[in-house]
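Participant: my questions are about this predicted structure, shown below with the sequence.
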Amino acid sequence: MEPFKPLMYRPQAVDALLGTCRSSRHSWQDPKSSQYDPTWPLPIKLSARSVGYIAAEVEAWIASRPRTRVVKQAEE
C-alpha cells in the first residue's frame with residue numbers, strides 16, 4: 001500500500017517542507033517585495049480564517065528550483 005499523499009498543504013506544512021518561515025512565504029507572494037516570485041503558488045482560501053496550498057503546485061515549484069549543491073563525482 002502506498003503512503004497517503006495530501007492534496008493540500010496548510011501553511012505550516014509548507015514552511016516545514018521548505019525549511020523556511022512564514023515571512024519568506026509572504027514575501028514570495030507580495031508583488032511589492034524584492035523577493036517576489038511570480039512562480040510561487042498562490043494560497044487557496046479554505047474557510048474564513050484558513051488557507052491551503054495545492055500540493056502538486058508546491059511540489060512542482062520545488063522541482064523547478066535550481067540545485068545549489070555541487071556533488072562531486074568519484075574518480076574512476
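Facilitator: On my side now, so go ahead. Computed from a predicted structure; not experimentally measured.
Participant: where does this structure have low pLDDT?
Facilitator: When residues are selected by pLDDT under 70, those of the chain lie in 1-2, 69-71, 74-76.
Participant: would you map the strands across it?
Facilitator: For the chain, strands defined by DSSP state E occupy the ranges 8-9, 44-47, 50-54.
Participant: export these as TSV, with columns for distance to Q29.
Facilitator: Where C-beta positions appear, they are placed from N, C-alpha and C, glycine not excepted. What follows is the strands of the chain, written out as TSV (distance: least, Cβ to Cβ, whole Å):
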stretch	distance to Q29
strand 8-9	14
strand 44-47	13
strand 50-54	10
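Participant: so M8 makes contact with G52?
Facilitator: Yes: between M8 and G52 there is a contact under Cβ atoms under 8 Å: 3.9 Å.
Participant: name the residues contacting each of those two.
Facilitator: 44, 46 (Cβ atoms under 8 Å, 6 or more residues apart in numbering).
Participant: re the thing from before, most packed of the strands of the chain?
Facilitator: Most buried of those by mean neighbour count (mean count of other Cβ atoms under 10 Å) is strand 8-9; its value is a mean of 18.
Participant: all good on my end, thank you.
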